[in-house]
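K.L.:
turn this into a structure:
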Amino acid sequence: MNIQYLKKLQTNPSLELNNSGYFSYIKGISEIEIKSLEQFYNNGNPFPKVLKELLFLAGINCFVCDYGINKTQQELQEWVREDMLENERTISRPFYAFDVYGGSQFLFIYLDEGDNPVIYEAHPYSNNDNWINRLNNLTIKSLVDNGIERVKSGKNPF
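P.N.:
Predicted coordinates for the structure are as follows:
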C-alpha cells in the first residue's frame, strides 16, 4: 500500500515509551482484512485513505491508538456497537471506531467525509443528549503525528 498520510508512523515503527526502556511497535493487518472490514462496516465502499493506512500499518498493535482489550479490529467494532446498543445509542451514518479508552468512550470517524476526515469522540454512557463531540479539526493523521512526537519527547502518547 502506498502511504500518503501516515508517513511519520511508517518511519517510526517502534519507539521507546516514556524513556522507560520499554519499546512499543506497530503491527498491521492485511489489505484483504481491510477489504473485509470495508464490506462489513462501509457497505463495500472503500474506507478513507488515512484509515486504510492506519489499519495496514498498525491495525493489530499501535502505540498511539488504544484498541482496548480487543484482539482484532472486528472485535473492536463489535464492542463499540454493543456498548451503544446497551445504552440505546445509534449513529446513523457509516462510522469506524479506531480508539477506545476508559471503557466508556471511543474515537471514531464518519466514513463519508473524505480521505482524512475529522475525529469525533463518543460517550455512549453519558446521560447527555450531546454524547458525540467533534474534536476541532483533529484528524487521524494529526492525532498519530502528535502522538509520535509526544512519545519521542518522553510523554504519554495519549
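K.L.:
tell me who's in contact with the residue lying closest to I60 once chain neighbours are set aside.
P.N.:
Once flanking residues are discounted, I60 sits nearest to K27: 4.2 Å by Cβ to Cβ, 6 or more residues apart in numbering. The way it works is simple: take the backbone N, C-alpha and C, and place the C-beta from them, glycine included. For K27, the contacting residues are 58-61, by Cβ atoms under 8 Å, 6 or more residues apart in numbering.
K.L.:
burial count for L54?
P.N.:
For L54, the neighbour count with other Cβ atoms under 10 Å is 31.
K.L.:
cool, and N133?
P.N.:
12.
K.L.:
which residue is the nearest non-sequential neighbour of it?
P.N.:
E121 (5.0 Å).
K.L.:
out of the contacts of K27, who's nearest K52?
P.N.:
Taking Cβ to Cβ as the measure, K52 sits nearest to G59 out of these, at 9.5 Å.
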